[in-house]
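1. this is a predicted model, with the sequence first.
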Amino acid sequence: MTRTARDANPVAERGVYLSRLLGAPVLDAEGDRVARLKDLVVRFGSAPHPLVGGMVARRGRRDFFLSWSRVTSAAPGDIRLGGYEVDLRPFQRRQGEAVLRRDILDKQLIDIDGRRVIRANDLWLARSGPRLRLVGVDVSGIGLWRRLAPAAIAGPAEADVLLDWADIESFATDIPMVRLRSPHARLAKLHPVEIARIVESVSIRQGQEILESLDEKTAADTVQELSPEEAADLIERLAPEQAAGILEEMEPDDAADVLAGIEDGQAEALLEQMDPEDAADVRDLLAYEGDTAAGMMTTDLAAAAADSTAGAALAMVRSMEEPPNPLYHIYLLDAEEHLAGAVSLRDIVLAPPETALADLADGAYPRIHMNDEPRQVAHTMAAYNLSDLPVVDDEGRLLGIVLVDDAMDVLFPDLWRRRLARAFRR
């Protein structure tokens, strides 16, 4: 039933907006007013469009619950009950229940189909007889106006933008009584770039909720798309075991950037919970200044002895527990680990196995000093059209490599991220 600018399908269900029911008089079988409607109660579960199970009614200063099974008709100015007696015991929410006005209206929600964060300006309730079912979210400006203008139309207008509730995810932080079995399961299927854009659009508490719902690999890919400052804020809020697991899944340079923004004691505690080998890589990177080439680099690379063959190099890559990703070049090292050149993976794959890597290598492949500034790194990579750039120390020993995405972040941080996001949506 979705009606959007992307996909203008007609809204077929007869129904009513929540804003038109709120405050309506609740009448008994004789038409006498017994209360007014304050909110509607639903129970989220497996159904994509949950039924309204009851209402919160107000009489004087008392809020009490009325089951929707007692309602014979529901219209903006007239909610009729099939009897006379009401139970005035104070309303108390039960586990699994949500109240629409308090928990959903005006709250941020995730539009999975649109891959964005929205705000619920009104809610569309389909009806069959007296039964009501939550089927849509109005995100249009007229949805706000409808709540202020008594003469506004009761049904969807052309200016309305109704999104199917089946494509919407809410936040457990907004509905404390609802704990879904698989929170944000559909969100987890989006690309990490898209998940990161959503995390950036919500509060830090909601971002934490999203990360906690993801598996460690997806969470790590998502965190790597955030700014180091925002990523650090989120990692600090997670349980130490989960935070350490996410950091292990991240590229060493990205994990180091995040930990650099965390208080030293907590950062060290997370490093101690990480796999020792992963933690050692990150500790090595944390020793370098962040505004240098060494501070930008990753130690996740493939290197081989200068006298190796193409076949030996491929066997070495296949034997690695986690080969570098991406893998553009294999770097050649002499006996003292000085950088002797670079060979593209393509040339190695196409060469006969017995071919000496030295015969394939580009001995003049560009390199940069560990203390060079980030902008110099980025300009060098742009000038030579490089996908990766080796970083060396004073003696010419290979320390790590800078990847093109990290270099582009220096020159075009916002533009580069937006371009990636658009590319992955195609």
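-> It's in. Just so it is clear, the structure is predicted and the values come from calculations on it, not from any experiment.
2. going forward, measure contacts and count neighbours with C-alpha atoms only.
-> OK.
3. quick one, helices of the stretch 301-426 of the chain?
-> Counting by DSSP state H, counting those that start in this stretch, the stretch 301-426 of the chain has helices at residues 310-319, 345-350, 357-360, 374-384, 404-411, 413-425.
4. pull out the buried residues from the third one.
-> It refers to helix 357-360. 357-358, 360 (16 or more other CA atoms under 10 Å).
5. what do you get for the first one?
-> Neighbour-count burial for helix 310-319, counted by 16+ other CA under 10 Å, picks out 310-313, 317.
6. over to stretch 293-307?
-> Buried-residue list, stretch 293-307, by 16+ other CA under 10 Å: 293-306.
7. again, but for stretch 65-80
-> 65-66, 68, 71-76, 78-80.
8. returning to what we had before: closest to G245 among the buried residues of stretch 293-307?
-> Taking CA to CA as the measure, G245 lies nearest D300 of the buried residues of stretch 293-307, at 17.7 Å.
9. from T292, how far out is the closest residue to the closest one other than its chain neighbours?
-> Computed as CA to CA, 6 or more residues apart in numbering, the closest residue to D300 that is not its neighbour in sequence is P324, at 5.6 Å. Going from P324 to T292 by CA to CA, to the nearest Å gives 22 Å.
10. and what of H369?
-> Taken as CA to CA, the span from H369 to T292 is 9 Å.
11. before we move on, what about S227?
-> Counting by CA to CA, the gap from S227 to T292 is 18 Å.
12. would you mind telling me which of these two has the busier surroundings?
-> T292 (18 against 15; other CA atoms under 10 Å).
13. who's in contact with the longest strand seen in the chain?
-> For the chain, the strand that runs over the most residues, judged by DSSP state E, is strand 33-43. For strand 33-43, the surrounding residues in contact (CA atoms under 8 Å, 6 or more residues apart in numbering) are 21-28, 50-60, 96-102.
14. buried stuff in stretch 204-222?
-> Buried residues in stretch 204-222 (16+ other CA under 10 Å): 206-214, 216-222.
15. on that earlier part again, got the helices of the stretch 301-426 of the chain as TSV, with distance to D111 columns?
-> As requested, the helices of the stretch 301-426 of the chain are arranged in TSV below (distance: least, CA to CA, whole Å):
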stretch	distance to D111
helix 310-319	41
helix 345-350	41
helix 357-360	51
helix 374-384	36
helix 404-411	28
helix 413-425	15
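16. so which of those is nearest I262?
-> Closest among these, using CA to CA: helix 404-411, at 20.5 Å.
17. list the helices and strands the closest one packs on?
-> helix 374-384, helix 413-425 (3 or more CA pairs under 8 Å, 6 or more residues apart in numbering; DSSP states H and E).
18. how about the strands in the stretch 201-350 of the chain?
-> 303-305, 329-333, 339-344 (DSSP state E, counting those that start in this stretch).
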